[in-house]
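Visitor: Sequence and predicted structure, then a few things I'm wondering about:
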Amino acid sequence: MAIPLLQSRVFYGLKTDVSGNAHYITDAEILYPVGSALSVHNFPQRRQRLIRLPEKHLINVVSVTPNKKYAAVCEAGEKPTISIYDLQTLKKKKFLGIPYDAQGVTKFSCISFSFDNKYLAAVTGEPDQTMLYYNWEKGKVESSYKLGNQQNAMSSVKLIACNPGDVGIVALGGPYTFKFLTVSETVWRSYGFAKADNILICSMTWLNTDRLLAGTRDGRILYLENGDLKNIYKMVDTEIMNLKIREEYIIQTAASQSSLEGGDEALWEHDIRCLISFHKGFAYGYGSGTIVVFERDGQHKYSKRNIFVVPLQVSKYDSTDLYQINCINANLSSDRLIVTTGWSQLFYAKLWGPDLSMDPEPQQLKIMGQHLHHGAISGLSMCAWKPLFMTCGEVDRSVRMWDFETESLVMIKQYLEDIYCVGLHPTGLFCLIGFSDKLRFMIILIDDLISMHEFPIRNCKTVAFSYGGHLFAAVNGNLIQVYNVIGFRNRFILRGHTGKINQIAWSQSDMKLVSIGSEGAIYEWDMSTGQRSVEVILKGIAVNSIVITSDGSTCYCIASDNQIREIKESAVLREFDLPGIEMNYMIIGRDDDLMMFVTCPGGIILSLKCPLQEPIEYSEFHIHCNDITKMALSYNEQVLISTAIDGTLCFWKLHYIEGKAADVDKEFSYSKEVLISKVDLEEKVQIIKDLTVRLRELETENAYKMRQMEVQHNDKTREIHQGYCEAIEELKDKIDKLQEERTNELNNINVEIVKMKGAHENALRQMEVTYDQKLITEYDKYHLLEEHNNAMREDYERRLEELQKSKDEDIEKIRKTYAAQLHEKEVQYEEMNEEMAHQNRIHEKLKSEIEDDADREIIEIRTNYETLLFEERQNNLKLKGETGVIRNKYVSSQKEIDELKRQINHLHGDQLQFQKNIHGLEKDVLYLKKEITERDATIQDKEKRIYDLKRNNQELEKFKFVLDYKIRELKNQIEPRDKEIRELKEKMKDMEIELVNLHKTNVSLELQLYELREKLAAARREIQCEVQRNKRCQQLLRKMRIDLHDTAGLVQEPKELKNAVMNMYHQYNDDDEFLRSRNADLDAQCEFLKQRDHLERTVASLRKQVFRDPASGKKDLDKMMDENVVLITELNILRQELKTAQKHIVDLESILGLAGKDIEPVEARNKLAKACHAQIELKNTYKLQMEECQKMVSIMKEHIARLIEKLPNEETSGVREPY
């Protein structure tokens, strides 16, 4: 049989000792190292792709190109290398190494890609640090730079950052070192700020092509622009960073270097780590588990926006190092941060939520994906009825329930005491958990674990339920205690091991239990008696793991001598050797010949070919990077789960090459039921009821409110409508009055105009006569004056144009000069304001420091005098007992004084914070006052606009009145057209009625045609019958002629002639039976003709009614036609049955011989008795059939009568619907 193969589905975990161990590839996919692979995980879609890394290579740095298409992985070793992987195809793109012999260099310290994704800058590790600048697409080093610092042996480069806009600029940093490098023709030179002999650089990032931020170990950020140090910010007090303002800063002298070296661990609480910039701001890790986010506010200003903290985690070995921020990365949309710490867990934060002014409390980071184990997974147990398995953590003290179908976490339970083992019941409803004090039997609820019973077994590290689930075995030191699950009764105590018991295993029949000990003993126990049935001792060999076959007759074990032993009946039957392979743990499938898996150190899983044969064939699968602690197979043997000591958890999918699989019932399906306590269920039911009642109440309240609002709105609309109607009527009356007044005034004005026209015409006539001469003379003077004025006007216009041009030029010059001066003054004013604010802050700081020093001196003087007074009293009091009491009081007073000092300092800090808040609030008040004035101005503008709108509304109302008048005129024009349209519609209805009538006549003609065709077919059938009858008659006549001709030949013999004539008479004469059958045929034909005439008359009457009432429904007519067709077909069938029955009777008579005349009466009676043996039964059956047929005929007749009655009723009461 072929070897079953394993394919990893999901691999959970995180390598925390890798620099840059989390990167966003897209907004949903995250790249992170886990085990011996790189995971590209899409958490929303639960899809994971793995890049398998080379075996036996440790990675220490991961970096991604700016376009997120490639990833570089640094591998440490004797010859450190860099591998470039394509994140789309998951294949290795390039392999880079050190092009020279670097003695003692085992790793790369840091790497960074250029902004164009073509170059990779890498710094080798100590002792001889060198920056190598690769063109990684070509796989060669284009340039290099030695980074040694002879002045300070402790300096080393830990950070590198390529410029985001220039491939020829690189920034380097680390403890006691910082450099800017630029390249010119493959030669690197340093420039700019480099005085970092006393600065511990921890992180750095480029804000843009000119600006760089560098974080230090003492909680400060250095701001450098164009290679020069511009400012230093102490981030504990910085809320706003204005990169334009230069503050006074002090760089520590060389004397402080010892303090930095000696207090390395103490200064870590203010460490600025993992600086990262994005287009909306930047973020960094501060101290122990804190993330600070600054938002960009303009081109030069950054303000503190959010603070995030790592949520508290439970661990056996809790340390502040676990909360140290290792990596921060932002997604492409800059709305999420991914964060890694010392915990084996990915955290994320959503950006741009409520800022510090709205929510001053730090927000907790959220867990990305599943809540994973931290530290070794010590226990693993699989369920049979459900797709669940349970794990327990040795370090994080947690028990977790997983679903291997969805690869998700179902439940987590955290404890404060050590957990050593777990055992899951086959039903998935119960479990066993081994604590440090007791072994507890727990009930698994929907979201909790509840203890049901406790067993006095301390530090139980091995426990297992039987396959049936009615028993379980627990290891107590070197004893095995077997308990009953139902009554928790201790059935057996299995003694015999002298050393630690490593593992126990049940047989599938639950009749045997196998155990192995550290002393090399393998025992098989009979569960019916509790006695030891098989014993095998392997001296000097440590047995690591054991499995038992399905029939329980054979065991396989792995030992420290790299051999697999087959044990049967207290003897080792076979030994299989795997040279050079150390084995730790093994499992076997329920079908012995199907699968067997073995784990090896380093996280290797071997899939062995079953059944085992020498030499052993196997396949190797390597994805874990640490030793595997446990493995488990699902009940259907389609999924394998493996756990490791680094907390990683892998879901494997099994593939069977030859098509074989585990023997599982086809109807098997996993159970989905869960347990819930009665109290919780009642609470949830009550909550649902309360919520339903509340929902109904809200619905009724909302419905009532809606009705009230509708009533109010209807009243308001009614009132408004009435007001508008009254106003319209008043306006109409006013308009009528104004029109009358206007007509009267127009008439009066017209009369006056006529009178004035006459008077003016007379006056004009007289004036024309008198003034003609004067006009001529004046016209000549006017002509001369006009020429003179035109000349003067042209002269003055030309002069005015020249003056206007000179004036415009002077005004433009003055405006430009004053605008430039105004801009300069505004810039100076802003700078003076910022400098004044800065000076005020410095003054406030100095003031607070002076006050603190004065308070401190006062407190010291007071304490000195109090100590002197206390010494004088102590000299006077010489009793030893009282001195002891006074000493205790002095100690307590000193503690109170220290506490008061701390309180005073705290209150001073609060006072400063309050002063800052007051200053900020005053600014807010000024801003609000300005906003109020602006809003008053806007309100005035809006009031003006409202007035304009009201005026426009009045104009629109006038326009509305005009439109209403036009609408009325149009309605008067439309009414005759509407009448025409209605008349045309009536004509169309009449035409439709005629069309319907024509359709009905067409249907009736089709029915007549159908009937005529039926009649024609019946006539043809009758003609065929007559033709056949004529043929039979002709045949009979021919036969009679032949017989007569033969009889005529016997004329000379009278006796023979007589006999021949009698025979002919008897042969051709019609007997009574023939006449009776013939008469029956005639009667049947007459009855059929009567029925046919009756049906034809009925159809004709119905047709007349239909045509008389064309308004009757078409559906009833179609229904009657269908029923008539059905009845006709049934009548035809009855006719055929009648004919067959008559033929059957004739056949029976012919069989009996009753149709002939030459049969004896006795013989006929005997034949009749034989044929009518079951006469009564036949008669009854036929009688029943006839009754049923008669009932059917009567029912059909009644139905027809009802339909006939229905038609006139519809004619009288129904109204035809228009088409």
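Guide: Ah, there it is. Residues are numbered from 1 along each chain as shown.

Visitor: For the rest of this, base every contact and every neighbour count on C-alpha atoms.
Guide: Will do.

Visitor: can you map out the helices along the chain?
Guide: Under the criterion DSSP state H, the chain contains helices at 257-262, 678-876, 880-1048, 1054-1068, 1072-1108, 1114-1152, 1161-1171, 1175-1213.

Visitor: any idea of the mean pLDDT in the fourth one?
Guide: What helix 1054-1068 shows for mean pLDDT is 79.

Visitor: what's in contact with it?
Guide: Here helix 1054-1068 makes contact (Cα atoms under 8 Å, 6 or more residues apart in numbering) with D1043, T1047, A1048, L1050, V1051, K1157.

Visitor: Just the buried positions in it, please.
Guide: In terms of neighbour count (16 or more other Cα atoms under 10 Å), helix 1054-1068 has its buried residues at L1057, A1060, V1061.

Visitor: Now flag whichever of these is closest to S1004.
Guide: V1061 (61.2 Å; Cα to Cα).

Visitor: which ones are touching the residue positioned nearest the centre of the chain?
Guide: Nearest residue to the geometric centre of the chain (Cα atoms, centre = their mean): P44, 6.1 Å. Residues in contact with P44, defined by Cα under 8 Å, 6+ apart, are A28.

Visitor: Please report the distance of it from K68.
Guide: Look at P44 and K68: by Cα to Cα, to the nearest Å, they are 19 Å apart.

Visitor: Equivalent analysis for A22, please.
Guide: 13 Å.

Visitor: between the two, who's got more neighbours?
Guide: Counting neighbours by other Cα atoms under 10 Å for A22 and for K68 shows that A22 has the greater number, 27 against 17.

Visitor: And for the more buried one, nearest residue in space, chain neighbours not counted?
Guide: For A22, ignoring the flanking residues on the chain, the nearest one in space by Cα to Cα, 6 or more residues apart in numbering is Y32 at 4.6 Å.

Visitor: now R565
Guide: R565 sits nearest to E575 (Cα to Cα, 6+ apart), 4.6 Å away.

Visitor: Verify the stated contact: that neighbour with N562.
Guide: No: contact criterion Cα atoms under 8 Å: E575 and N562 do not qualify, at 10.2 Å.

Visitor: neighbours of N1124, just the number please.
Guide: Neighbours around N1124, by other Cα under 10 Å: 16.

Visitor: That one and L1203, how far apart?
Guide: Computed as Cα to Cα, the N1124 to L1203 distance reads 11 Å.

Visitor: cool, and Q708?
Guide: Distance, Q708 to L1203, by Cα to Cα: 55 Å.

Visitor: Of the two, which one has the most company?
Guide: Between Q708 and L1203, L1203 has the larger neighbour count (other Cα under 10 Å), namely 16 against 12.

Visitor: confidence score at the more buried one?
Guide: pLDDT, L1203: 70.

Visitor: I'd like the distance from it to H1094, if you could.
Guide: Relative to H1094, and taking Cα to Cα, L1203 is found at 16 Å.

Visitor: L50 too?
Guide: To H1094, L50 is 90 Å away according to Cα to Cα.

Visitor: what's the answer for L594, then?
Guide: 85 Å.

Visitor: hmm, back to that, now the common contact residues for N1124 and L1203.
Guide: Between them, N1124 and L1203 share no contacting residue under Cα under 8 Å, 6+ apart.

Visitor: Sort the contacts of helix 1054-1068 by pLDDT and name the bottom one.
Guide: K1157 (46).

Visitor: Specify the beta-bridge partners of F465.
Guide: Using DSSP bridges, the beta-bridge partners of F465 come out as F472.

Visitor: ok now do it, which residues does it touch?
Guide: Counting by Cα under 8 Å, 6+ apart, F465 has contacts G423, L424, H425, P426, L471, F472, A473.

Visitor: number of nearby residues for Y818?
Guide: Using other Cα under 10 Å, Y818 is surrounded by 12 other residues.

Visitor: hmm, I was thinking of K889
Guide: With other Cα under 10 Å as criterion, K889 counts 12.

Visitor: same check, this time on the one 3 residues further on
Guide: Applying the criterion other Cα under 10 Å, we find 12 residues in the vicinity of S892.

Visitor: Contacts only, for the residue nearest to A22.
Guide: Applying Cα under 8 Å, 6+ apart to Y32 gives the contacts L14, N21, A22, H23, L38, S39, V40.

Visitor: Distance to K774 for those - can I get that in TSV?
Guide: Shown next, in TSV, are the contacts of Y32 (distance: Cα to Cα, whole Å):
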residue	distance to K774
L14	118
N21	112
A22	109
H23	106
L38	116
S39	114
V40	111
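
Visitor: Which of these fall in strands?
Guide: Members of the contacts of Y32 lying in strands (criterion: DSSP state E): H23, L38, S39, V40.

Visitor: and the gap between C431 and I480?
Guide: To I480, C431 is 18 Å away according to Cα to Cα.

Visitor: list the contacts for E454?
Guide: E454 sits next to K438, L439, R440, F441 when contact means Cα under 8 Å, 6+ apart.

Visitor: ok, and the most crowded of those?
Guide: Going by other Cα under 10 Å, L439 tops those with 26 neighbours.

Visitor: give me every residue that touches it.
Guide: Counted by Cα under 8 Å, 6+ apart, L439 has contacts L432, I433, E454, F455, P456, I457, R458, C460.

Visitor: More neighbours: C431 and I480, which one.
Guide: Neighbour tally, C431 and I480, criterion other Cα under 10 Å: the higher count belongs to C431, 24 against 21.

Visitor: which ones are touching the more buried one?
Guide: V422, G423, L424, H425, F441, M442, I443, I444.

Visitor: bridging residues for it?
Guide: L424, M442.

Visitor: So which of L594 and H1094 has more stuff around it?
Guide: L594 (20 against 12).

Visitor: And the more buried one, how far from D510?
Guide: In terms of Cα to Cα, L594 sits 21 Å off from D510.

Visitor: same deal with K301?
Guide: The span separating K301 from D510 equals 74 Å under the rule Cα to Cα.

Visitor: which one of these two has more residues nearby?
Guide: More crowded of K301 and D510, by other Cα under 10 Å: D510, with 19 against 16.

Visitor: which ones are touching the more buried one?
Guide: D510 neighbours (Cα under 8 Å, 6+ apart): S466, Y467, G468, M527.

Visitor: Kindly present these as JSON lines, with separate columns for neighbour count and distance to L970.
Guide: JSON lines is the format used below for the contacts of D510 (neighbours: other Cα atoms under 10 Å; distance: Cα to Cα, whole Å):
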{"residue": "S466", "neighbour count": "21", "distance to L970": "96"}
{"residue": "Y467", "neighbour count": "16", "distance to L970": "94"}
{"residue": "G468", "neighbour count": "14", "distance to L970": "93"}
{"residue": "M527", "neighbour count": "18", "distance to L970": "106"}
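
Visitor: Now, the residues you listed that are in strands?
Guide: Among the contacts of D510, no member falls in strands (DSSP E).

Visitor: With respect to E986, which of those residues is nearest?
Guide: Once Cα to Cα is applied, the member of the contacts of D510 that ends up nearest E986 is G468, at 87.5 Å.

Visitor: Got phi/psi on that closest one?
Guide: phi -80, psi -20 (degrees, to the nearest 10).

Visitor: what sits against it?
Guide: Counted by Cα under 8 Å, 6+ apart, G468 has contacts P426, D510.

Visitor: same deal with the one 5 residues further on?
Guide: For A473, the contacting residues are V463, A464, F465, S466, I480, Q481, V482, Y483, by Cα under 8 Å, 6+ apart.

Visitor: want to throw these into TSV with distance to F282 and pLDDT?
Guide: Shown next, in TSV, are these (distance: Cα to Cα, whole Å; pLDDT from 0 to 100):
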residue	distance to F282	pLDDT
V463	52	96
A464	53	96
F465	54	96
S466	57	95
I480	60	95
Q481	60	95
V482	61	96
Y483	61	96
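
Visitor: Appreciated, that's everything.
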